[in-house]
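*Asks:* what follows is a predicted structure for the sequence shown.
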Amino acid sequence: MAIAAAISAPLTSPTRRTLASVNTLFPHSHRSTLPSPQRTLKYPNYRLVAASMSTDAPVKTSSASFLHRRETGFLHFAKYHGIGNDFILIDNRDSSEPRVSPEKAVQLCDRNFGVGADGVIFVLPGIDGTDYTMRIFNSDGSEPEMCGNGVRCFAKFVSQLENLHGRHSFTIHTGAGLIIPEVLEDGNVRVDMGEPILKASEVPTKIPANKDNAVVKSKLVVDGVIWHVTCVSMGNPHCITFSREGSQNLLVDEVNLAEIGPKFEHHEVFPARTNTEFVQVLSSSHLKMRVWERGAGATLACGTGACATVVAAVLEGHAERKCTVDLPGGPLHIEWREEDNHVYMTGPADVVFYGSLPL
Ligand SMILES: N[C@@H](CCC[C@H](N)C(=O)O)C(=O)O
């Protein structure tokens, strides 16, 4: 008996409105103490029809009926990506508890022994009057407050799961407060990411504030080098750097992310660890960025990171409020709007495949 099934999918395809129970639902993520994934084949029955060499006839199922499968003992999921930042999306609308544990998420994210992803995202029932709740586990099993590329994938997944009756926008409760995505006519998703948080203690960072309670272009010694850093939270913490002491504009392709990234992430001045963005200014409306993500390492893109980067670029005087941010996986369009102080992010989100695993 086939115990796993999968179908192919197209390869293309007002102030920060903090909600009451956010802090209890989304405590600051901690450094993962999870064991490394065992080096054994975890999912012998996992099969992707799109890539299968099996001589069995592929199970023909439409994506709509696949998404509504509910057999017990199986985990049905969709794999999505937002400019290369990839996620396993799980329909968790029937329960407020994520269907997989952080430990299981680590296994699922493993690129050799699992499905492979930067994180696992759950579509949970809304609370406090919102339509949905989004929770996410990083690939190291820690739980961040928010994920920008992930929320665009969430929006596309929900619009496949639900008949939204012509609505293109809905409300999502996250650890960063209320987030509102809108699926656009061209398939891109525009997200109201709320207000950036600049107060040093709330980012959080122990670097002393130097401008209106914020940390802007402060000196930080990492690995014996003085970096100029600005700290911004988009619900999750970001440390953004445009230059080192003695050099003007960073050439981001020359940064050794794997070496320097962890040193920023675990620096003592970041009590909740940090995501770090290394940014090159191409023009006042065009930035190039590489990221080392807390709990996930070097990824091809980071949506909250791109938003935090534009905020930092404006604060440091490098850029205007509306910028294109080039990331290794593609561009994102970001606007930090003066009228409402909200950051808006626009970009794609695409399904890669659907799959099932025995639990
Ligand atoms: N890639 C995400 C951010 C995911 C969370 C991050 N690793 C953290 O721990 O804060 C994005 O697109 O924003």
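*Replies:* Nice, thanks for sending it over. Residues are numbered from 1 along each chain as shown.
*Asks:* any buried residues in stretch 350-359, and which?
*Replies:* Neighbour-count burial for stretch 350-359, counted by 16 or more other CB atoms under 10 Å, picks out 350-357. The way it works is simple: take the backbone N, C-alpha and C, and place the C-beta from them, glycine included.
*Asks:* do stretch 155-166 as well
*Replies:* By 16+ other CB under 10 Å, the buried positions in stretch 155-166 come out as 155-162.
*Asks:* in helices, which of these appear?
*Replies:* Among the buried residues of stretch 155-166, the members falling in helices (DSSP state H) are 155-161.
*Asks:* for R111, see how far away the residue sitting nearest the centre point of the chain is.
*Replies:* For the chain, the residue nearest the mean C-alpha position is C147 (3.1 Å; CA atoms, centre = their mean). In this view, C147 and R111 are 18 Å apart by CB to CB, to the nearest Å.
*Asks:* what's the answer for G129, then?
*Replies:* G129 is 38 Å from R111, by CB to CB.
*Asks:* same question for N256.
*Replies:* Taking CB to CB, one finds N256 at 21 Å from R111.
*Asks:* also G141?
*Replies:* 15 Å.
*Asks:* those two: who's more crowded?
*Replies:* Counting neighbours by other CB atoms under 10 Å for G141 and for R111 shows that G141 has the greater number, 23 against 11.
*Asks:* any idea how far R93 is from the residue lying closest to that one once chain neighbours are set aside?
*Replies:* With CB to CB, 6 or more residues apart in numbering as the criterion, G141 has its nearest non-adjacent residue at 3.7 Å, and that residue is P102. Between P102 and R93 the distance is 20 Å, computed by CB to CB.
*Asks:* and C302, by the same measure?
*Replies:* 27 Å.
*Asks:* neighbour count: those two, which is higher?
*Replies:* Comparing C302 with R93 by other CB under 10 Å, the one with more neighbours is C302, at 35 against 16.
*Asks:* was I right about that one contacting T276?
*Replies:* No. Judged on CB atoms under 8 Å, C302 makes no contact with T276 at a distance of 9.8 Å.
*Asks:* overlap in contacts of these two?
*Replies:* V291 (CB atoms under 8 Å, 6 or more residues apart in numbering).
*Asks:* element containing Q107?
*Replies:* helix 102-109 (DSSP states H and E).
*Asks:* output the below-cut-off pLDDT ranges for this structure.
*Replies:* Low-confidence segments of the chain (pLDDT under 70): 1-67, 69-71.
*Asks:* can you list the residues of it near the ligand?
*Replies:* Residues of the chain found near the ligand (CB under 6 Å from any ligand atom) are 29, 85, 138, 144, 147-150, 236, 275, 293-296, 299, 302-305.
*Asks:* go with 8 Å
*Replies:* Taking CB under 8 Å from any ligand atom as the criterion, the neighbours of the ligand within the chain are 29, 82, 85, 118-119, 136, 138, 142, 144-151, 234, 236-238, 273, 275, 291, 293-296, 299, 301-307.
*Asks:* quick one: the helices in the stretch 1-150 of the chain?
*Replies:* 22-25, 63-67, 102-109, 148-161 (DSSP state H, counting those that start in this stretch).
*Asks:* who's in contact with the helix or strand just after the last one?
*Replies:* Translated: helix 148-161. The helix or strand immediately downstream of helix 148-161 is strand 172-174, counting by DSSP H and E. Residues outside strand 172-174 that contact it (CB under 8 Å, 6+ apart): 19, 22, 26, 126-128, 130-135, 145-146, 151, 154, 178-181, 235.
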